[in-house]
Structures are given as structure tokens and as C-alpha cells.
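Colleague: Here is a sequence with its predicted model. Questions after.
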Amino acid sequence: MDETLKILLVASEAVPFAKVGGLADVAGSLPKALRRLGHDARLALPKYGRINEAEFGLRKVLDSLPVPAGSDQELASIFESVVEGMPAYLVGSDKYFDREEVYGYDDDGERFVFFCRAALEMLKKLDWRPDVIHCNDWHTGIIPNWLKIIYKDDPFFADAATVFTIHNLAYQGIFGPELLEFADLADYGLIPLPPSPPKLEGRGGDDLSGLVVLMARGILFADVINTVSEKYAQEILTPEYGERLDPILVQRQDRLFGILNGLDYEVWNPATDPHIAVNYDVAPLLSPPTLGGRKGGRVGNKLALQRKAELPLDADLLLIGMISRLADQKGFDILVEAIDELMELDLQFVLLGTGEERYHRIFANVAGKYQGQAAIFLKFDPALARRIYAGSDAFLMPSRYEPCGLGQMIAMRYGSVPIVRSTGGLADTVKDYDPATGQGNGFAFSDYSEEALLAAVERALKVYRRQDTWRTLMERGMRADFSWQASARKYVELYRQALKFRQGGP
Ligand code: ADP
């Protein structure tokens, strides 16, 4: 049962072609990791205007591919680019994709439905028959739906299983019912969605009836569904995290799995990172403190960060770093409540982030009020981010919810000990340090509250004073395996599971 699989990963964005968020990292890294395991994984994404043909060596493989679009048809061109041995197919259309941005247009529903239809039609023309079509987020939610309806009796897809991965349940692709005409599904009508629950704090309570929710279609029709951590897969079954779709997720609970995203260990490597002051690896950390300074090779990075942040140069003061979108999801409401008490503690704080305007205002004030203790960078700066991962002692992620989270994994790889709220991927990767047993790799709190956050920081501060214990925590993080290889193996299992369900027939 371990023959090689043919997998088409379909996504709206993928590194190196187009990146808006974390989905692009997954879509770029996972197929490559699958290929390293011997599988024939390929990628399909739209050919946006910003994708340079020469830069990626694009070659047109199909011209004027007819794609059904409502009562009509539109033509698509299919381009191929080979990335480190992996074929990537880019769907070109002057009408839909020859635009600068990836998202944010009034016709996004049509655009991505068209992309999906073109991707399926392309497979037939190229005569490449995947065993598994791996769909990602709402943009591709229509594919599992089609395979169970309009392609149901198409022999080309007779054995193809679908996997639907939820990267962010908050974005659901909600459109008016006319999208069904365009998608050739008008005859089948709307699918009944749960009545709108009472409005939850911080979430919309719009009524979904009468609307097309592409995310819901992916969930309802895929052979298997997964989210990007095991804990988040459980959490979304509840109204608190389910974003109004929890009733249908519960309905499909037996098909719902969780697989943590991996980290690209080549890209994130303190031994080779050209942006940090001093390169280091886990090995020198083991040398006596006298050889490498208080925290081995990392101390040079800490001092460099303090200099950059205009904080007192002090190797012994706990320096907490944070790099994040400034959004409620990331726990900024409780952090703001806690900030004055936090600043009473013996520590320094460096924040890098951009996002909601009100947080820009609040943290600009924090910077003024706590000059010399807190440094706030309100910008997007990948090089500075690396210097914070390398120079901070601890890394804060107090998220309200977190489907997977990359920040804590990068921090651990760089030897910064995570302080997190135990939710989603944070719960799966960070185990609270228990002084009684010595187990754990960071500090985790459960209650989403200012008090719980402060208590976790205070616990970290206590342990930080015990150099040997702290070093143990750093080493555990640095030695952990959050690589794509581990995650890709789990995806292969998931694909086989999907094929079994497909053969068994729902
Ligand atoms: P999310 O994708 O929900 O924003 P993750 O923790 O999964 O959160 O990933 C965030 C990524 O973006 C990390 O790699 C982090 O370093 C990076 N990042 C976030 N904000 C900034 C910023 N202002 N400057 C540079 N990098 C940032």
C-alpha cells in the first residue's frame, strides 16, 4: 500500500510565485517535501499579473483551453514552470488574473471558481491523472463539490480523491447565489447551512442562508478535511472557534484531521542566517557559559538587538520579543490590558508588527511611556524579525486562536523560549515547563486573560534566573523537529485515508 502517489496541490497563492500569507508557504513547501518522499506532487495556481514570465521560466503548455463559465465558456492559457524539479501549472486569463493584486476584487468568487474549473479541465487535456487533488481554503472549496456532482460520472476523475485543508476558517468565500450559475451548479441549489447562531464576541453573526459559502462546500464534499494543527481541528468543532461553521464540521467530524505545518529549516537557520549579528548553532550552547557568554553564541545577537532598539545593553535582563500582525486574533487586547503591569517586571520588551490602526496608536504610546524598556517597531521588516528571533530570550504569542502559528516554531529554532496561550498550533508545539518534572519547552497559559498572561511571564522570569534550566529549554526548542519532512509524511497518510474513503464511497 505504499505505491507512489500523484498529487495536485491547488492553491490561490504559493511561494515563490505569489505570497500574501502563510498559505503561500505551505503551498510552496509541501509539494517539494512530498517529492522528496518520492511522490509526484505538482502545483496549480493562478498566473497573476505580478508573476514575471521570464523570472520563472514560464512555458505555455496549453493555449485557448475552453473552460465552462456559466452558460458560456472562457478561454484559459496554461503555463508551466519547473521549481526545483516540481512542475507548477499557472492558469492564465486576461479577464481574471491579469491584475496586480491577488485578492480584493468584486469578482473574486468568479475568479477563483474559474481558476478551479480551469485546473480540472487542464488535467484532462494534459492527460495527467492525479490520485489526490489537494484543495486549500475557500478559493478551492468548489472542487470537492464538483467532483461529487458535475464530474461524478467522468471516468477521468473516477478514482481521484479530494483533500480540503483549512488554513484560516475566518475567511470563508461568501458570495451571492448567482455564483452557482457561474459554477454550473444552479440546478443543485444552495446547500442548507446552519441557522445563524447568536453573535459571538468579536465575530460576525450574519445569516448564511441564501448565500454561497465556498469554504462550507469544501468541508461538506471533500473526502477528507484537515486543519493545520491537531488542537485547532478539535477547537473548530465548538461555537467559540467554529466561525459559524462548527455544526457542519461536527457533521463531518470523522473526516476531520489535524496536521501541523512544517518550517523550512533551510530558510530559518541561525547557523547561516545572513541578517543576524552572530551566527550560532545549538552545539556551542552546550559549551560552558564562560566560553560563549551567558547564553552561548546568542549573546552577541541580544546586545545587537538592544543597540538597535535603543535599550540598555544588558545580557542578564530577560528580553521578550514579539513579531505579529497587530490584530485581536493575536492576543493584543489582553496584552494591552497587561502592559503596565508587565512593564513593572524586570524585563525588556521588543515588538515588531503592523495591522489595526488602533493598535498602532496604543503601542506608539507604550513606546513613549516606557522608553528604555520597551521598543516598538510599527512596520513590516523581515530582516529585523530575524534579529528579534535571534536576540530575544523569550518570544510572546498570546493568541486568542492560532490555526498553526509559525512564530513560535521559528523562535524555538532560534533558541528564544516561547511564552504562548495554549490554543491551536501553539498548544501542539509548546508544552508548559513543569519545575516538578523538568518537562516542557516553554511557558503556556490557558485562560484568555490578562492575569494568565502575566502569570506566565512571571513564571518565565523565575526560570530565567536559573541559567542551566533556561539553557535546557532553549536547547529543547532548537533540537525539536518541526520540519516539513515530518509533516509531509503525515499528509501522505492523509492522502491514503482520502483514497480509502473515496473507494468506499460516502
Ligand atoms: P499569521 O500567518 O497568522 O500572521 P504566523 O505566526 O503563522 O502568523 O506567521 C507570521 C509570520 O510573519 C512569521 O514568519 C513572522 O515572523 C512574520 N511577520 C509577522 N509580522 C511581521 C513584521 N511586522 N515584520 C516581519 N515579519 C513579520
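Modeller: Received, thanks. Numbering: from 1, shown residues only.

Colleague: tell me the domain ranges of this protein?
Modeller: Listed domain ranges for the chain are 6-262+490-502, 282-482 (source: automatic domain parsing).

Colleague: I'd like to know the average pLDDT value across the first one.
Modeller: To tie it back to what came earlier, the one meant is domain 6-262+490-502. The average pLDDT for domain 6-262+490-502 rounds to 92.

Colleague: how about that domain, does it get close to the ligand?
Modeller: Yes: counting by C-beta under 6 Å from any ligand atom, the ligand has neighbours in domain 6-262+490-502: 21, 22. C-betas here are computed from N, CA, C, even on glycine.

Colleague: Quick one: end-to-end distance for that domain.
Modeller: 15 Å (C-alpha to C-alpha, to the nearest Å).

Colleague: With stretch 457-470 instead?
Modeller: Span of stretch 457-470 from end to end, C-alpha to C-alpha: 14 Å.

Colleague: buried sites along that stretch?
Modeller: 457, 459, 460, 461, 463, 464, 470 (16 or more other C-beta atoms under 10 Å).

Colleague: Next: stretch 419-434.
Modeller: Result for stretch 419-434 [16+ other C-beta under 10 Å]: buried residues 419-433.

Colleague: How about the contacts made by residue 223?
Modeller: By C-beta atoms under 8 Å, 6 or more residues apart in numbering, the contact list for residue 223 reads 144, 161, 162, 163, 255, 498, 499, 501, 502, 506.

Colleague: Filter these down to the buried ones.
Modeller: So, by 16+ other C-beta under 10 Å, the buried ones in the contacts of residue 223 are 144, 161, 162, 163, 255, 498, 499, 501, 502.

Colleague: quick one on the thing from earlier: inside strands: which ones of the contacts of residue 223?
Modeller: The strands, defined by DSSP state E, take in 161, 162, 163 from the contacts of residue 223.

Colleague: Which of these sits closest to the ligand?
Modeller: Distance to the ligand, by C-beta to the nearest ligand atom, is smallest for residue 163 among the ones in strands among the contacts of residue 223, at 20.7 Å.

Colleague: Roughly how far does that closest one sit from residue 413?
Modeller: According to C-beta to C-beta, to the nearest Å, residue 163 and residue 413 sit 28 Å apart.

Colleague: hmm, stretch 421-439 touching the ligand?
Modeller: No: for stretch 421-439, no contact with the ligand is found by C-beta under 6 Å from any ligand atom; the gap never falls below 7.9 Å.

Colleague: is it true that residue 432 touches residue 444?
Modeller: Yes: with contacts counted by C-beta atoms under 8 Å, residue 432 reaches residue 444, the gap being 4.1 Å.

Colleague: Which residues are in contact with each of those two?
Modeller: Counting by C-beta under 8 Å, 6+ apart, the shared contacts of residue 432 and residue 444 are residue 422.

Colleague: Pull up the gap between residue 68 and residue 76, please.
Modeller: Distance from residue 68 to residue 76, by C-beta to C-beta: 11 Å.

Colleague: The two: who's more crowded?
Modeller: Ranked by neighbour count (other C-beta atoms under 10 Å), residue 68 and residue 76 place residue 76 first, with 28 against 16.

Colleague: Give the closest residue to residue 168 in space, chain neighbours not counted.
Modeller: Closest residue to residue 168 in three dimensions, ignoring its sequence neighbours and counting by C-beta to C-beta, 6 or more residues apart in numbering: residue 403, at 6.0 Å.

Colleague: Phi and psi next, for the one you found.
Modeller: phi -50, psi -50 (degrees, to the nearest 10).

Colleague: For it, give me its contacts.
Modeller: So residue 403 contacts 166, 167, 168, 169, 227, 228, 229, 232, 424, 425 (C-beta under 8 Å, 6+ apart).

Colleague: what's the helix or strand for residue 64?
Modeller: Following DSSP states H and E, the helix or strand that holds residue 64 is strand 59-69.
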